[in-house]
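1. pasting the sequence and the predicted coordinates here, then a few questions.
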Amino acid sequence: MTLPCKHEERVMEQVQPTIDLLKNMDVLHPDILRQHAIKPVDYKSGLVFRSAIESIRGTFIASSTTGREGLVKDVLENLRQRACIVDYNQSSGSGRYDFTIGLERNPDYFIALEVKGGEGNSINISDRPLWAKEFAIWCHLDGAIVNQPAHGAHSIINRVTNELVRRRKLVDVLFFKDILCGTRTRPCPKYPGHADKIGLKTAPDVFLFPQRTPSPDDPEPDVHTLDTLRLPSLILELFGVKAATRKKHIWEVHVKVIKLLKGRLQRVVQIWHQGKVVDESISRQWRS
């Protein structure tokens, strides 16, 4: 499994009853609707329920995007104040990445960081700038519990590796963090004794990707380590992860391109954690 952490079953069991209740308020509790000046006859046929849900969803998405970038900005500001980085800048809305991080000057060492949500649906609209020594993606889950975190991580990694092979867009590292991690809803097994109390102090999971884009001529490039990249170690150190325990937070994404008959190719992705394969996926075939 891509990630070992799971939402508490007792919480997930309450999602579907909540959906059923909200969808059928006009039948189950029409009096409650009338108390709030809502006519039961308009609840569905008048699109009152649907419009309310879409409005709430739009507001949530907007606030979530701001919250994700705000959290990452706090992380970078902490790194700057500790003199771990020289500076950082948040890109304009027209940029194809969200943050520029200056790690050092003379010689210059710049890192580009893109911030995404928990499913990675917009991975393909980011680009690695030519000047970036490292290109990182920070995927931040905002507390949804319909799917387990492993589902989101699996989906994002599939999207990133597809971009890696098909578009030759090199992503060096993925940081994966959930706002629920380390709470009663989703205890974090990496913090025994504090699994449901550590909250926002939990470190993100770090997924290391290949050092080069896989191709038929270079079918299985070496995966990055904490020695070939600089940002992952800085992030883990900031979150208080000691060198001796960092392996619990590190995941290796191995990507291999296989040549098939008639010029067709296939992508095999394996995720390794502490020396074991915990997830594997095989893509559809495509023509080179």
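-> Yep, it's here.
2. pLDDT weak spots in the protein?
-> Residues of the chain meeting the criterion pLDDT under 70: 1-8, 12, 46, 57-68, 92-95, 118-124, 141-147, 197, 199-200.
3. show me where it has its strands.
-> For the chain, the strands defined by DSSP state E occupy 87-90, 99-104, 109-116, 134-141, 173-178, 205-208, 250-259, 264-273, 276-282, 286-287.
4. and those as JSON lines, adding mean neighbour count and distance to Leu79?
-> (Each C-beta comes from the backbone N, C-alpha and C, glycine too.) Below are those laid out as JSON lines (neighbours: other CB atoms under 10 Å; distance: least, CB to CB, whole Å):
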{"stretch": "strand 87-90", "mean neighbour count": "15", "distance to Leu79": "8"}
{"stretch": "strand 99-104", "mean neighbour count": "18", "distance to Leu79": "8"}
{"stretch": "strand 109-116", "mean neighbour count": "22", "distance to Leu79": "11"}
{"stretch": "strand 134-141", "mean neighbour count": "23", "distance to Leu79": "13"}
{"stretch": "strand 173-178", "mean neighbour count": "24", "distance to Leu79": "13"}
{"stretch": "strand 205-208", "mean neighbour count": "24", "distance to Leu79": "15"}
{"stretch": "strand 250-259", "mean neighbour count": "19", "distance to Leu79": "19"}
{"stretch": "strand 264-273", "mean neighbour count": "18", "distance to Leu79": "26"}
{"stretch": "strand 276-282", "mean neighbour count": "13", "distance to Leu79": "29"}
{"stretch": "strand 286-287", "mean neighbour count": "11", "distance to Leu79": "40"}
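5. what's the closest of the ones you listed to Pro149?
-> Among the strands of the chain, strand 173-178 comes nearest to Pro149, with 5.5 Å by CB to CB.
6. now the angle from the closest one to strand 134-141?
-> 20 degrees (axes from the mean of the first three to the mean of the last three CA atoms, to 10 degrees).
7. I'd like the C-alpha coordinates of strand 173-178 written as CSV, please.
-> C-alpha atoms of strand 173-178 as CSV (Å, rounded to 0.1, in the frame of the first residue of the first chain):
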residue,chain,number,x,y,z
VAL,A,173,10.3,15.0,-5.4
LEU,A,174,6.8,15.0,-4.2
PHE,A,175,5.8,16.1,-0.7
PHE,A,176,2.5,14.7,0.4
LYS,A,177,0.7,16.0,3.5
ASP,A,178,-2.8,15.7,4.9
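8. re the thing from before, possible to save the strands of the chain as a markdown table with distance to Ala195?
-> Listed next are those as a markdown table, based on distance: least, CB to CB, whole Å:
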| stretch | distance to Ala195 |
| --- | --- |
| strand 87-90 | 32 |
| strand 99-104 | 30 |
| strand 109-116 | 26 |
| strand 134-141 | 17 |
| strand 173-178 | 14 |
| strand 205-208 | 15 |
| strand 250-259 | 19 |
| strand 264-273 | 18 |
| strand 276-282 | 20 |
| strand 286-287 | 42 |
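9. nearest to Leu21, of those?
-> strand 134-141 (24.6 Å).
10. which residues sit against that closest one?
-> Strand 134-141 is contacted by residues 68, 71-72, 97, 111-118, 120, 123, 126, 128-129, 149, 152, 156, 160, 170-180, 204, 229-231 when judged by CB atoms under 8 Å, 6 or more residues apart in numbering.
11. show me the contacts for the residue nearest to Leu265 when sequence neighbours are not counted.
-> Leaving out its chain neighbours, the residue that sits closest to Leu265 by CB to CB, 6 or more residues apart in numbering is Ser288, at 5.1 Å. The contact partners of Ser288, taken as CB under 8 Å, 6+ apart, are Pro216, Gly263, Arg264, Leu265.
12. do that again at 10 Å, thanks
-> By CB atoms under 10 Å, 6 or more residues apart in numbering, Ser288 lies in contact with Ser215, Pro216, Val257, Lys259, Leu260, Lys262, Gly263, Arg264, Leu265.
13. wait, which of these is closest to Thr185?
-> Of these, the one sitting nearest to Thr185 (CB to CB) turns out to be Val257, at 39.2 Å.
14. can you give me the offset of stretch 271-282 from its chain's centre?
-> Taking the mean of its C-alpha atoms, stretch 271-282 sits 18 Å from the chain's own mean (CA atoms, centre = their mean, to the nearest Å).
15. and the gap between the residue nearest to Thr213 when sequence neighbours are not counted and Ile125?
-> Among residues not flanking Thr213 along the chain, Arg168 sits closest, at 4.5 Å (CB to CB, 6+ apart). From Arg168 over to Ile125 the distance is 16 Å, taken as CB to CB, to the nearest Å.
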